[in-house]
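Enquirer: sequence and predicted structure below; questions after.
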Protein chains: 2
Amino acid sequence: MPSIQNARVLFNSVPKGFPVPGETTVYDTTPTIDLDTVSLNGGFLIKTLVLSVDPYFRVAMGGGSHPGFTLGSPIAGFGVAVVVRSETPGVEVGRHVYGHTILHQEYIVVPELGALQLMERHPNLPWSVYLGAAGMPGQTAYMGWKEYSSAKAGEVVFVTAGAGSVGSMVIQLAKKDGLKVITSAGSEEKVKFLRSLGGDVVFNYKTTDTRMILKKEGPIDIYWDNVGGDILEAALENAAVHARFLQCGSISGYNSGQESSKMFHHINGKALHVHGVIMAHLPLMKYLPEFYTTIPPQLASGELKYTEEVTRGLDKVGDVILSVQKGTNTAKGIVLVAYE
Amino acid sequence: MPSIQNARVLFNSVPKGFPVPGETTVYDTTPTIDLDTVSLNGGFLIKTLVLSVDPYFRVAMGGGSHPGFTLGSPIAGFGVAVVVRSETPGVEVGRHVYGHTILHQEYIVVPELGALQLMERHPNLPWSVYLGAAGMPGQTAYMGWKEYSSAKAGEVVFVTAGAGSVGSMVIQLAKKDGLKVITSAGSEEKVKFLRSLGGDVVFNYKTTDTRMILKKEGPIDIYWDNVGGDILEAALENAAVHARFLQCGSISGYNSGQESSKMFHHINGKALHVHGVIMAHLPLMKYLPEFYTTIPPQLASGELKYTEEVTRGLDKVGDVILSVQKGTNTAKGIVLVAYE
């Protein structure tokens, strides 16, 4: 068989704002391949079937927490491909491979399975679903929800980008768990889909004010964030005490260069767990009895240490306030008002 | 007995930057009280012994998540007072009361215990310690650490404002748990105290670059934040995957007006729990088997729904990337490269 075209999509330049087709990525039809004779060296040859295009691509184009695309090379992402030739035991012709390292290229010689996995398809599902609801996005939604939402029936969840493959899975898991679901998207068509998923409060964030909706329908117990930016701020303003914020994405900032904050980039990329710690909302009954049993004696014995800066006189309160704020105090600020 | 002075500290004006003694707070010696005849109406009369001055005072002066001080009224905070007269059963003369509603005033008629509690003192500890290491700050440290740190021996924790009553307790709890403790404060005297607590890496953040220290001694598994601002950013930059960030305060922003972010105000005030959700750091083995058992069949049966926007042709990848970023896509972006 003669060589045939083996087209690919190259990552050509780092975009300044939104990616520009033909500039950021270049579709390159010049490579060719001879499917029968190309050397496999113990690996296998796959034909790309479906590729996923995900919001994180923009991050991969501009650095950040995801492994980035390489300039001049084909971009890579989640995809499914079928094996068309193989020298690898266990990877038979006709089997399918799935993974996040599938090049955007028609045919690929793969040296070893590596991060790819052999995959079976449910007979009633096309392979593409394994890139969405049954793939990485659906799994992210499923595991994030189970692991971190602490969802309880009757609670209120707000899901942004609800029509996406992550958001739509979250909405349905939340409905199964008996929550009231507030969810938004950016077009009437998407909003219609949200309604079909059982969203209780569904709106188009481009035509309806998110703050107004959250104020009326909140406060929210869980926020599943796919967007970041101002809508994240709106969610924070309308959060209930002990609300859980599941930070999954912040697409609002990917292209503007104004990341919703440096912080959120890290929270997501490093899977951080940020808890508000404030006396009023800590489990007093769970801990105070043991605290009073164990801590004062240890402070008294010197096993635990403490310092304090005692200022005599109620009239000094203003000065102590200032020194605590400026950090010119030497220790815990105490005003001694009177002796017994 | 004739009337005697009953001085107090009034909250007089909302400060623009740092509080100004005599302007923000005014020490007022004009009130008088007759301790023998003042009407108790079933309540009790207390003599203020010690008052705590805490970083949150600045927040209480300028609104925010803490109940604020009332202009023209005495400021109130944590304190200990002794009962000098009583008409309340169970609140005997000579007993001590503790709580966060003690006015900054020499004598106070209290109508009922309310948020105050009767308190016994450990014979070897002065009452002031019950405002620091054995009081609200120590308890915040203790409970926050136990509830949220998920500390494991050998991990690295970074504690800011380590010489404060919260920070110094956290350092000691962390050492008991076998962690490596990096901690900072703003004076040589405080740094000396940190060393005495067993801090492994101790530094003055005013003379030593925090980023340099964290880069060398990190990454950090736990960050106990009392300061916010740029040091929080430095901690985020040097966080390990799955690090826990315990946001207890952000004094760096209290007086500048530049809150380290609107967000952190909410995380702390509402005791939020913010988790980074990213496939790479989710517990795959815990969830994927059940995911593949339950989700694809439910997608196939229609019990769970999904949408996708399939674009045909590898050459369209650039356009799909753009539409996903702009949100002009109608559903999950899929590029169909080839049929089998």
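Expert: Noted; the coordinates are in hand. Residues are numbered from 1 along each chain as shown, chains lettered A, B, ... in the order given.

Enquirer: and the strand ranked longest in chain A, which strands flank it?
Expert: Looking across chain A with DSSP state E, the single longest strand is strand A:76-86. In the sheet, strand A:76-86 lines up against strand A:44-52 (antiparallel), strand A:96-103 (antiparallel) (DSSP bridges).

Enquirer: distance from that strand to the middle of the chain?
Expert: 26 Å (CA atoms, centre = their mean, to the nearest Å).

Enquirer: now it - C-alpha only, PDB.
Expert: Extracted in PDB, the C-alpha atoms of strand A:76-86 (Å, rounded to 0.1, in the frame of the first residue of the first chain):
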ATOM      1  CA  ALA A  76      -2.600  15.700  22.700                       C
ATOM      2  CA  GLY A  77      -5.600  15.100  24.800                       C
ATOM      3  CA  PHE A  78      -8.300  12.500  25.700                       C
ATOM      4  CA  GLY A  79      -9.300  10.400  22.800                       C
ATOM      5  CA  VAL A  80     -10.200   6.900  21.700                       C
ATOM      6  CA  ALA A  81      -8.400   5.100  18.900                       C
ATOM      7  CA  VAL A  82      -8.600   1.600  17.400                       C
ATOM      8  CA  VAL A  83      -5.600  -0.700  17.000                       C
ATOM      9  CA  VAL A  84      -4.900  -1.400  13.300                       C
ATOM     10  CA  ARG A  85      -1.600  -3.200  13.600                       C
ATOM     11  CA  SER A  86       0.200  -4.500  16.600                       C
END
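
Enquirer: buried ones in that strand?
Expert: For strand A:76-86, the neighbour count (16 or more other CB atoms under 10 Å in any protein chain shown) marks A:76-83, A:85-86 as buried. Bear in mind the C-beta positions are built from the backbone N, C-alpha and C, glycine included.

Enquirer: kindly report the same for stretch A:325-340.
Expert: Those would be A:325, A:327, A:329-337, for stretch A:325-340 by 16+ other CB under 10 Å.

Enquirer: re the thing from before, state the mean pLDDT of the longest strand of chain A.
Expert: Averaged over strand A:76-86, pLDDT sits at 94.

Enquirer: quick revisit: let's have the strands paired with strand A:76-86 in a markdown table, adding distance to residue B:188.
Expert: Compiled in a markdown table, those are given as follows (distance: least, CB to CB, whole Å):
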| stretch | distance to residue B:188 |
| --- | --- |
| strand A:44-52 | 56 |
| strand A:96-103 | 51 |
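
Enquirer: what about the strands in the stretch 101-250 of chain A?
Expert: Counting by DSSP state E, counting those that start in this stretch, the stretch 101-250 of chain A has strands at residues A:107-110, A:117-119, A:156-159, A:180-185, A:201-204, A:220-225, A:239-247.

Enquirer: returning to that earlier point: which one among the buried residues of strand A:76-86 gets closest to chain B?
Expert: Top of the list for closeness to chain B, among those and by CB to the nearest CB, is residue A:82 at 5.7 Å.

Enquirer: so in terms of bridging, what pairs with that closest one?
Expert: residue A:47, residue A:96.

Enquirer: OK, contacts around it?
Expert: Contacts for residue A:82 (CB atoms under 8 Å, 6 or more residues apart in numbering or on different chains) come out as A:46-47, A:49, A:94-97, B:340.

Enquirer: please list only the buried members of the residues you listed.
Expert: Counted by 16+ other CB under 10 Å, these give A:46-47, A:49, A:95-97 as buried.

Enquirer: contacting residues around the residue positioned nearest the centre of chain A?
Expert: Centroid check for chain A by CA atoms, centre = their mean gives residue A:248 as the closest residue, at 2.0 Å. By CB under 8 Å, 6+ apart, the contact set of residue A:248 is A:140-141, A:144, A:166, A:224-226, A:268, B:277-278.

Enquirer: who wins on neighbours among those residues?
Expert: Tallying neighbours with other CB atoms under 10 Å in any protein chain shown puts residue A:224 at the head of those, with 33 neighbours.

Enquirer: number of nearby residues for residue A:133?
Expert: Number of residues near residue A:133 (other CB under 10 Å) recorded here: 28.

Enquirer: ok, back up a step: which phi and psi does the residue nearest to the centre of chain A have?
Expert: Phi and psi for residue A:248, reported as degrees, to the nearest 10, are phi -110, psi -30.

Enquirer: residue of the stretch 1-150 of chain A nearest chain B, please.
Expert: Going by CB to the nearest CB, chain B is nearest to residue A:21 of the stretch 1-150 of chain A, at 2.9 Å.

Enquirer: what are the bridge partners for that residue, then?
Expert: With DSSP bridges as the rule, residue A:21 is bridged to residue A:25.

Enquirer: thought it was touching residue B:319?
Expert: Yes - judged on CB atoms under 8 Å, residue A:21 makes contact with residue B:319 at a distance of 5.2 Å.

Enquirer: can you pull out the helices in the stretch 1-150 of chain A?
Expert: A:56-61, A:136-148 (DSSP state H, counting those that start in this stretch).

Enquirer: helices or strands up against the shortest one?
Expert: Using 3 or more CB pairs under 8 Å, 6 or more residues apart in numbering or on different chains; DSSP states H and E as the contact criterion, the elements in contact with helix A:56-61 are helix A:251-254, helix B:317-326.

Enquirer: next one: the last one
Expert: Other elements packing on helix A:136-148 under the criterion 3+ CB pairs under 8 Å, 6+ apart are helix A:165-176, strand A:239-247, strand B:273-276, helix B:284-301.

Enquirer: now the last one: how far from the chain's centre is it?
Expert: Put simply, helix B:284-301 sits 39 Å off its chain's centre (CA atoms, centre = their mean).

Enquirer: can you dump the C-alpha coordinates of that helix into CSV?
Expert: Taking Å, rounded to 0.1, in the frame of the first residue of the first chain, the C-alpha atoms of helix B:284-301 are listed here in CSV:
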residue,chain,number,x,y,z
LEU,B,284,-9.2,6.8,41.2
MET,B,285,-8.9,3.4,42.7
LYS,B,286,-11.6,4.2,45.3
TYR,B,287,-14.2,5.3,42.7
LEU,B,288,-13.5,4.1,39.2
PRO,B,289,-14.6,0.5,39.5
GLU,B,290,-18.0,1.6,40.8
PHE,B,291,-18.1,4.4,38.2
TYR,B,292,-17.7,2.0,35.3
THR,B,293,-20.1,-0.4,36.8
THR,B,294,-22.9,2.1,37.4
ILE,B,295,-22.5,5.2,35.2
PRO,B,296,-22.2,3.9,31.6
PRO,B,297,-25.4,1.7,31.9
GLN,B,298,-27.3,4.6,33.3
LEU,B,299,-26.1,6.8,30.5
ALA,B,300,-27.0,4.0,28.0
SER,B,301,-30.5,3.6,29.5
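
Enquirer: residues in contact with that helix?
Expert: Counting by CB under 8 Å, 6+ apart, A:122-125, A:129, A:133-134, A:138-139, A:142-143, A:146-147, B:304-306 sit against helix B:284-301.

Enquirer: among these, which one lies nearest to residue A:113?
Expert: Of all the contacts of helix B:284-301, residue A:139 has the smallest distance to residue A:113: 19.1 Å, by CB to CB.

Enquirer: mind listing what that closest one touches?
Expert: B:279, B:282, B:287-288, B:291.
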